[in-house]
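Enquirer: Give me a model of this one.
(one chain, ligands or ions: 1)
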Amino acid sequence: MRLFEKIRKWFGNQEHLFYLFLVVLTVPNVALCFTEPMSWMAKVCNVLLPFSVYYVVMSRVRNCGWGFWMLFPVVFLGAFQLVLLYLFGRSIIAVDMFLNLVTTNSSEAFELLDNLVPALVFVTVLYVPALVFATFSIAYKRRLGVKFVHAARRRAWIALAVGVCSLLAAYGGDRRYELKADLYPANVCYNIYLAFQRTACTRNYPLTSAGFTYRAESSRQADGKEVYVMVIGETSRACNWSLYGYPRQTTPGLSRCEGLVAFPYVLSESNTTHKSVPMLLSPVSAGDYDSLYYRKSIVTAFKEAGFHTAFFSNQRYNHSFIDFFGMEADVCRFIKEESPVSGGNPSDAELLKLVADVLKDGNEKQFIVLHLYGSHFNYRERYPLGQAVYLPDTPADAEAKYKNSLVNAYDNTIWFTDRFLSELAGMLKMHGGDAAMLYTSDHGEDIFDDGRLLFLHASPVPSYYQIHVPFLVWLSEDYRRNHPAIWQAVQDNRLKNVSSSASFFHTMLGVGGIGTPYRNDSLSVAGNLFRERRRVYLNDHNEARTLDDVGMQEEDFEMLQRHGIGCWP
Ligand SMILES: [Zn+2]
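Expert: Got it, this is the predicted structure:
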């Protein structure tokens, strides 16, 4: 009883609460010092400056409960931030995390909710009692002593002055230091601002892109039969393809496919669907990502050049660029949205039926974009269970202890994608004429591969496994005969370092013989002007950064090296 009385008394003391609240508010800042790669001075500033600002705010009021509640937005962001640190192990709350709530079907962001229980318990224990004490303090009209408040104000201003000095020192000590990126919670507030700004730009897209034209023309004969198919895979990583040396046979169909060239050294410039796919479908890449708001997709380029166009997707609407680009086509279907049952899960194979129907229409010039659901978690739902090649494929829960069955299930999805692509190439071959199929995946996936125990994709900092993607060019026999220079160039470029985000679009234009001022042949692997470039990645602020600058780690660079992938050719 006496202990309880002591505790009650301690928490009843307003001065104790004042300092307790300050400590609670600063916890995320301290945590970020351990997770973020920052200079020593930047870490000091990341704690000292926000602490001093909270100190100043808290010391302005006589009731510390009010002071704490006034800083509730900081508490709210802090809780969110700590949960994300637990989930990803690092990084502040990204713009993409806010946007994922309104754009991508949010399953991508919240697949791991079940695993968050310990983090949710921690933030509840940290913040809820503090908020309760603050509420009691207000309800009982408790007051801090005048003397204490005066002294606190004096100390707070001194702390603020030291905090500002540490900020100047952080700028002085690291030329890459930026307040908007490195000082919590200013960086998260900036990200919220960016999220609003991007949402507004996306909303205005129909207006800002309305007058856009590729001024595209075909350089091919008007009466020849041509079919080009651009396939965008989902979550397929190159290192699980036997075509790229994976010891398990996961791509038996494509290995036998004549006219196929598989590029082994290809990286994506983004690990999220909603950013990667628009780059694959447009001339936009990490270096000029924000020009996306003024551009249309490759569908419009082919349309302007006289092609009939079709866009078939096995994904849900993302209320952003993938939908806008799809809608440019003469025929546009999102089969998952058409599913009669909610949560319906059509197989990618359904898309082949749509392709067969379009081919039956007999358009002389046909361009098709397919957006697969490929290897997206939950893997076991991506292939017919009766046809699983690698077993056991259960349990398939998102836990490291199930890695073996998760990898089995994942390999089955690759095997299924292989069958899909082989059948598609077979259909195009049967159709005859100039035909080509290009395939790449939007990004890869982590499957508890190393000691970091990373899983899924779209994490704030990409891993090797999330960005090494397959990239295929298949040309029909007629095409190879009619365009030997292109066939030769594709083979000559095979072992070069390629960015899928930068090259998929230009390669498709090159293969399709589409001329436009937006075509850049130094990015097309279908011509002999192709040039390797420095690797970049699209960061959360939509800037192109080198792989070490975005925070990729030693484990990732080791894997890149092991797979012979150059970062700075
Ligand atoms: Zn994706």
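Enquirer: What pLDDT does the model give residue 116?
Expert: Residue 116 is assigned 80 on the pLDDT scale.
Enquirer: Ok, residue 91 next?
Expert: Confidence score, pLDDT, at residue 91: 88.
Enquirer: so the closest residue to it other than its chain neighbours, which of the three states?
Expert: The shortest distance from residue 91 to any non-neighbouring residue, by C-beta to C-beta, 6 or more residues apart in numbering, is to residue 460 (3.4 Å). No exception for glycine: its C-beta is placed from N, CA and C like everyone else's. At residue 460 the chain is in coil, as set by DSSP: H, G, I helix; E, B strand; the rest coil.
Enquirer: And for the one 5 residues further on?
Expert: Recorded secondary structure, residue 465: helix (three-state DSSP).
Enquirer: ok, now which ones touch it?
Expert: When contacts are counted by C-beta atoms under 8 Å, 6 or more residues apart in numbering, residue 465 is found next to 237, 239, 444-447, 449, 454, 559.
Enquirer: neighbouring contacts of stretch 242-253?
Expert: 238-241, 254-255, 262, 264, 390, 411, 414-415, 418-419, 421-423, 470, 563.
Enquirer: tell me the least confident of the contacts of residue 465?
Expert: Among the contacts of residue 465, residue 454 has the lowest pLDDT, at 91.
Enquirer: Okay, now the unreliable bits of the stretch 301-450 of the chain?
Expert: For the stretch 301-450 of the chain, the stretches flagged by pLDDT under 70 are 342.
Enquirer: Excluding chain neighbours, give the residue nearest to whatever residue of the stretch 301-450 of the chain ends up closest to the ion in space.
Expert: As assessed by C-beta to the ion, the ion sits closest to residue 442 within the stretch 301-450 of the chain, at 4.2 Å. Leaving out its chain neighbours, the residue that sits closest to residue 442 by C-beta to C-beta, 6+ apart is residue 276, at 3.9 Å.
Enquirer: Contacts only, for the one you found.
Expert: Here residue 276 is in contact with 268-270, 442-443, 501 (criterion: C-beta under 8 Å, 6+ apart).
Enquirer: quick one: it is in a strand?
Expert: No. Using three-state DSSP, the assignment for residue 276 is helix, not a strand.
Enquirer: where's it relative to the ion, distance?
Expert: Per C-beta to the ion, to the nearest Å, residue 276 is found 6 Å from the ion.
Enquirer: can you tell me the distance between the two ends of stretch 537-550?
Expert: 7 Å (C-alpha to C-alpha, to the nearest Å).
Enquirer: Identify each buried residue in that stretch, please.
Expert: 537-545, 547, 550 (16 or more other C-beta atoms under 10 Å).
Enquirer: same thing with stretch 511-530?
Expert: Buried residues in stretch 511-530 (16+ other C-beta under 10 Å): 511-516, 518-521, 523-527, 530.
Enquirer: Repeat that for stretch 60-67.
Expert: By neighbour count with 16+ other C-beta under 10 Å, stretch 60-67 contains the buried residues 61-65, 67.
Enquirer: cool, stretch 477-490 as well?
Expert: Those would be 478-480, 482-483, 486-487, 489-490, for stretch 477-490 by 16+ other C-beta under 10 Å.
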